[in-house]
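[1] Structure here, sequence nowhere to be found:
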């Protein structure tokens, strides 16, 4: 069977041009043998189980065949899978129609711990998989014009469980309060969500805390308050406060989080003094982490580089370390900054997805987040920094980050890390 490698990592993800799924090969053979009822029987079978089809590979205990299927009307001309599996976030990859049927399909060979979301593009519209009951809802944020969307989820058998993501009825939740801080030099008002743990008090020892970028994101797409509540209840994490700074609009986010000095000044000279005055926060950098995903991960590394006297820990989820300030600059600017600087009193948790090899972004820089994350890890380790590095089988997707945030918090601030 002819195969094409579409992932430029250590282990290629393979996608087929002709039939690849054993189940579909059986179906095609049945139809060629004149069994006209085989197609209806197949659709009946599919309706009783969640798709995509997941099939074992003989002699390969680390991968499975994953086949996405769509039942199309006769007039349908093309159908595509929309996912991160090609290495590019939201890429559309054409599906193949089985001759003389209403079945469209696409098969991948994926690591057994893969988890991700997907949609189908049919007649120019992105839709969820009607044969898959599992959904991931990306809620909209009307204040910044973000409409949100809904995707289908697939999880292979060895995908790591999300142990701390669900609210527990038997524990009191922490509180989240929304504040607004206007900055005239940036000509914007910023939303700042503050999470305080159950039993928060201004008496007693000050709290370790997190500075997080994309605050709305870390409230609505990644259930940060719930994760921190559960980790603390399980005795794995001390009580923490989280200062989650939002972005007014996407265009300002791309500006502010790309190592932008005016936004840095806003954080250090307005947000942090306000937070320290308003909340009982520790001054010990070892108890403080700066946290972000994607561009927020880049900004977290930048703030750590510039202010290691305030922040002792950097947590970067799929950080855009390939970024550069201008097109004629060298790629991976932040990596070079760390390579050229003296070692700072910082600890790192860095992660990237195996399917983050070609990220579409209007910002300049190297688009392979996976390779840039590995470069960042190598440079930091060569400088002697404590680095916890992880890779997950997934794409540039908050559905993955909501499961791995706990890993980063435990690595940097967990009770057994001191």
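    Arrived safely, thanks for sending. Here the structure is a predicted model, which is why all the values come from computation and not from measurement.
[2] use CA for all of it now, contacts and neighbours both
    Fine.
[3] Name the SS class of residue 108, please.
    What DSSP: H, G, I helix; E, B strand; the rest coil gives for residue 108 is strand.
[4] all helices in the stretch 251-400 of the chain, in order from the N-terminus.
    Under the criterion DSSP state H, counting those that start in this stretch, the stretch 251-400 of the chain contains helices at 261-266, 272-278, 295-306, 333-340, 369-382, 398-413.
[5] For residue 190, find the nearest of those helices.
    Across the helices of the stretch 251-400 of the chain, residue 190 has its closest neighbour in helix 261-266 (10.2 Å, C-alpha to C-alpha).
[6] residues of the closest one that come out buried?
    Within helix 261-266, the residues scored as buried using 16 or more other C-alpha atoms under 10 Å are 263, 264, 266.
[7] Ok, stretch 85-102 next?
    Buried residues in stretch 85-102, counted by 16+ other C-alpha under 10 Å: 85-97.
[8] got the end-to-end distance for that stretch?
    Start-to-end span of stretch 85-102 (C-alpha to C-alpha, to the nearest Å) is 24 Å.
[9] re the thing from before, closest to residue 279 among the buried residues of stretch 85-102?
    Once C-alpha to C-alpha is applied, the member of those that ends up nearest residue 279 is residue 89, at 38.0 Å.
[10] show me the contacts for the closest one.
    Residue 89 makes contacts with 83, 356, 358, 359, 360, 395, 396, 397, as judged by C-alpha atoms under 8 Å, 6 or more residues apart in numbering.
[11] pLDDT, neighbour count and distance to residue 388 added to those residues, as a markdown table?
    Putting the contacts of residue 89 into a markdown table (pLDDT from 0 to 100; neighbours: other C-alpha atoms under 10 Å; distance: C-alpha to C-alpha, whole Å) gives the following:
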| residue | pLDDT | neighbour count | distance to residue 388 |
| --- | --- | --- | --- |
| 83 | 94 | 25 | 28 |
| 356 | 95 | 27 | 19 |
| 358 | 90 | 20 | 24 |
| 359 | 83 | 21 | 23 |
| 360 | 80 | 12 | 27 |
| 395 | 95 | 30 | 20 |
| 396 | 93 | 29 | 19 |
| 397 | 90 | 22 | 20 |
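[12] Looking at those, which are in strands?
    Among the contacts of residue 89, the members found in strands (DSSP state E) are residue 83.
[13] okay, the contacts of residue 89 in TSV with distance to residue 62 next?
    Putting these into TSV (distance: C-alpha to C-alpha, whole Å) gives the following:
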residue	distance to residue 62
83	21
356	20
358	24
359	26
360	29
395	18
396	22
397	22
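[14] Show me what the mean pLDDT comes to for stretch 287-307.
    Here stretch 287-307 scores 98 as its mean pLDDT.
[15] Tell me which of the helices of the stretch 251-400 of the chain sits most buried.
    helix 295-306 (a mean of 25; mean count of other C-alpha atoms under 10 Å).
[16] Contacts for that helix, please.
    Contacting residues not belonging to helix 295-306 are listed as 212-214, 254, 257-259, 264, 290-292, 311-321, 334, 338, 344, 346 [C-alpha under 8 Å, 6+ apart].
[17] What angle do helix 333-340 and it make with each other?
    Computed with axes from the mean of the first three to the mean of the last three C-alpha atoms, to 10 degrees, the direction of helix 295-306 lies at 20 degrees from that of helix 333-340.
[18] Which strand runs longest in the chain?
    Assignment by DSSP E gives strand 60-71 as the longest strand of the chain.
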